[in-house]
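Visitor: generate coordinates for the sequence data below:
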Amino acid sequence: MNQSISAIEKRTVGKTMKRILPFILILYVIAYLDRVNLGFAALEMNADLALSAEVFGLLSGIFFIGYFFFEVPSNMIMHKVGARIWIARIMLSWGIIVILTGFVQTATHLYILRFLLGVAEAGFFPGIILYLTYWFRARERGRATAVLLLALPIGGLFGAPISTWIIDNISWFNMDGWRWMFILEGIPAIILGVMVIFYLTNRPANAKWLSKEEKDWLEGELSAEQQVSAQINKVSKLDMLKDSKVWKLALFYFAGYTGVYGLSFWIPTIIKSLSASTTTNLEVGWLAMIPSLVGIPAIIFVGWNADRTNAYKLHLIVSIIIAIIGFIGCSFSGSIFMMVLMLTITSAGLYGFTGCFFAYMTFFFTESTAPVGIALVNSFAALGGFVGPMILGMVVFTQGMLILAGLLVIGLITLLTLNLTNQHDKNMVKEVQKNIN
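Guide: Residues are numbered from 1 along each chain as shown. Below is the predicted model of the structure:
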């Protein structure tokens, strides 16, 4: 009997990972690229539109204001109507807005479209994290979210040379290259949005690519975990909002998010400022690839090893410490070599942190609170996406890096006070698991 269950488990987990993870990885690569390609456009756009550093910092961050206001309602709608329809809607609308960005004439146009892009994309990432809880048990979520988060370094790895190549080489119909970058990079979101309608499956019960035996096994496993979660976490949304653990998660992720997006929008400009005046945009793009390149093994290793050891919190602590060291190193780097090295160390820590945080976060919610809880943590943290670029736009670079390092220290202290369960909860979980088994 045990051998039979083991065979079903291996087969079902393998099928779900192969079916779901590569596709959502592609979706998030496009989402991330369309979110941060403003940083590459800045190499030419800022001069064309006469944008100051302060204005560009605000433009980079205003996306996250729209994101903040609409993320929770978006996730609640997705939970009701299903991921297939709602993710498709999100992708189609953001693709159209990115294309329209290629036609802006003033900073005001950019403010409006960047805000609307945040509104359009709100709910995509927390929706995908919620979607993973419909398909993967806690023991697989570290690997599942690690694969999803590979989109961040992959987006930087391919986005940097592609974006800068378009800027330097395409000027069809006498339009600047940075405009074509937005237009060409918005099209894949529309194409994939249509594909989502036909490819994505809402729940295991709807999966024609799973046998009845596999569906029953997977739904039984997920149901058992939900029973355990209901014993230690708040089951009502109001009680969840009163739980300090949820707000600690939000504060911790805010600190990390600030660091991630502070760098994401400014890396090309930082590298350009330390490069020779003859350095081309494409060469800047190649250098900007290096921090992203190290992010791939960082995310994979941290996500896989956190699953293997069940030590998610320890992996988060180590990752944040590495990022803090990197930010401090960046503030004292005066050469292009040292800057790229320190940015790489910083990226290793930040990408490692993202590799297991989202699996760790899902442990704090039940099925009823997950749609709101995940979106709530992500939306408040998304304000860090507004704050990070603003910091580097408003203060000198050295101070900005130290401020980001200080925020991560606050996040680290918050994480150290965050515990999933107390001893009473642990005893309760053991009893529930015994009854389930």
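
Visitor: which strands and helices sit next to the one helix or strand Met361 maps to?
Guide: Assigned by DSSP states H and E, Met361 belongs to helix 336-362. Of the remaining helices and strands, those touching helix 336-362 by 3 or more C-beta pairs under 8 Å, 6 or more residues apart in numbering; DSSP states H and E are helix 124-133, helix 138-149, helix 151-169, helix 244-274, helix 281-309, helix 312-331, helix 370-394. Where C-beta positions appear, they are placed from N, C-alpha and C, glycine not excepted.

Visitor: at 10 Å what do you get?
Guide: In terms of contacts (3 or more C-beta pairs under 10 Å, 6 or more residues apart in numbering; DSSP states H and E), helix 336-362 is packed against helix 124-133, helix 138-149, helix 151-169, helix 244-274, helix 281-309, helix 312-331, helix 370-394, helix 397-416.

Visitor: could the ones you listed go into a markdown table alongside mean neighbour count, mean pLDDT and distance to Leu238?
Guide: Below are the helices and strands packed on helix 336-362 laid out as a markdown table (neighbours: other C-beta atoms under 10 Å; pLDDT from 0 to 100; distance: least, C-beta to C-beta, whole Å):
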| stretch | mean neighbour count | mean pLDDT | distance to Leu238 |
| --- | --- | --- | --- |
| helix 124-133 | 24 | 87 | 19 |
| helix 138-149 | 24 | 84 | 25 |
| helix 151-169 | 22 | 87 | 34 |
| helix 244-274 | 23 | 85 | 12 |
| helix 281-309 | 20 | 85 | 31 |
| helix 312-331 | 21 | 94 | 27 |
| helix 370-394 | 24 | 81 | 10 |
| helix 397-416 | 19 | 92 | 23 |
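
Visitor: which residues does Ala107 contact?
Guide: Residues near Ala107 by C-beta atoms under 10 Å, 6 or more residues apart in numbering: Asn46, Leu49, Ala50, Leu51, Ser52, Val55, Phe56, Leu58, Leu59.

Visitor: could you flag which of these are buried?
Guide: Neighbour-count burial (16 or more other C-beta atoms under 10 Å) is assigned, among the contacts of Ala107, to Asn46, Leu49, Leu51, Val55, Phe56, Leu58, Leu59.

Visitor: now the last one: which helix or strand?
Guide: Element membership of Leu59, judged by DSSP H and E, is helix 53-81.

Visitor: list the buried residues in that helix.
Guide: Under the neighbour-count criterion of 16+ other C-beta under 10 Å, helix 53-81 has 55-72, 74-75, 77-79 buried.

Visitor: and it with helix 124-133, angle?
Guide: Orientation of helix 53-81 against helix 124-133 (axes from the mean of the first three to the mean of the last three C-alpha atoms, to 10 degrees) gives an angle of 30 degrees.

Visitor: now helix 53-81: mean pLDDT?
Guide: Helix 53-81 shows an average pLDDT of 85 in the prediction.

Visitor: that one - contacts with which helices or strands?
Guide: Contacts defined by 3+ C-beta pairs under 10 Å, 6+ apart place helix 53-81 against helix 2-36, helix 38-48, helix 83-101, helix 107-121, helix 124-133, helix 244-274, helix 370-394.

Visitor: then the fourth one to PDB, C-alphas only?
Guide: Coordinates of the C-alpha atoms in helix 107-121 are reproduced here as PDB (Å, rounded to 0.1, in the frame of the first residue of the first chain):
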ATOM      1  CA  ALA A 107       6.400  63.200 -17.800                       C
ATOM      2  CA  THR A 108       2.700  63.500 -17.000                       C
ATOM      3  CA  HIS A 109       1.900  60.800 -19.600                       C
ATOM      4  CA  LEU A 110       4.500  58.600 -17.900                       C
ATOM      5  CA  TYR A 111       3.000  59.200 -14.400                       C
ATOM      6  CA  ILE A 112      -0.400  58.200 -15.600                       C
ATOM      7  CA  LEU A 113       0.600  55.100 -17.500                       C
ATOM      8  CA  ARG A 114       3.000  53.800 -14.800                       C
ATOM      9  CA  PHE A 115       0.200  54.200 -12.200                       C
ATOM     10  CA  LEU A 116      -2.200  52.400 -14.500                       C
ATOM     11  CA  LEU A 117       0.300  49.700 -15.100                       C
ATOM     12  CA  GLY A 118       0.400  49.100 -11.300                       C
ATOM     13  CA  VAL A 119      -3.400  48.900 -11.300                       C
ATOM     14  CA  ALA A 120      -3.500  46.500 -14.200                       C
ATOM     15  CA  GLU A 121      -0.800  44.200 -12.900                       C
END
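
Visitor: got the buried residues for that helix?
Guide: Ala107, Leu110, Leu113, Arg114, Phe115, Leu116, Leu117, Gly118, Val119, Ala120, Glu121.

Visitor: I'd assumed Leu412 was in contact with Ile321.
Guide: Yes. With contact defined as C-beta atoms under 10 Å, Ile321 reaches Leu412; the gap is 7.0 Å.

Visitor: ok, now which ones touch Pro126?
Guide: 67, 71-72, 74-75, 78, 358, 361, 370-379, 381-382.

Visitor: one more time with 6 Å, if that's ok
Guide: With contact taken as C-beta atoms under 6 Å, 6 or more residues apart in numbering, Pro126 is in contact with Asn75, Ile374, Ala375, Asn378.

Visitor: one more: Ser331?
Guide: Counting by C-beta under 6 Å, 6+ apart, Ser331 makes contact with Thr398, Met401, Leu402.

Visitor: repeat that for 10 Å
Guide: Counting by C-beta under 10 Å, 6+ apart, Ser331 has contacts Met342, Val396, Phe397, Thr398, Gln399, Gly400, Met401, Leu402, Ile403, Leu404, Ala405.

Visitor: for Phe173, state which of these is nearest.
Guide: Phe397 (37.1 Å; C-beta to C-beta).

Visitor: quick check: closest non-adjacent residue to Ala146.
Guide: Nearest residue to Ala146, sequence neighbours excluded (C-beta to C-beta, 6 or more residues apart in numbering): Gly303, at 2.4 Å.

Visitor: so that neighbour touches Leu316, yeah?
Guide: No. Counting by C-beta under 10 Å, Gly303 stays clear of Leu316, with 11.4 Å between them.

Visitor: what residues are shared contacts of these two?
Guide: Taking C-beta under 10 Å, 6+ apart as the contact rule, Gly303 and Leu316 both touch Gly352, Thr354, Gly355, Cys356, Phe357.

Visitor: so the first one touches Tyr312, yeah?
Guide: No. Here Gly352 lies out of contact with Tyr312, judged by C-beta under 10 Å, at a distance of 11.8 Å.

Visitor: what is in contact with the two at once?
Guide: Residues touching both Gly352 and Tyr312 (C-beta under 10 Å, 6+ apart): Val302, Gly303, Asn305, Ala306.

Visitor: now do the contacts for the closest residue to the third one other than its chain neighbours.
Guide: Just to be clear, that refers to Asn305. Counting by C-beta to C-beta, 6+ apart, Asn305 lies nearest to His315, which is 6.6 Å off, once chain neighbours are set aside. By C-beta under 10 Å, 6+ apart, the contact set of His315 is 142, 301-303, 305-307, 309, 352-353, 355-357, 360.
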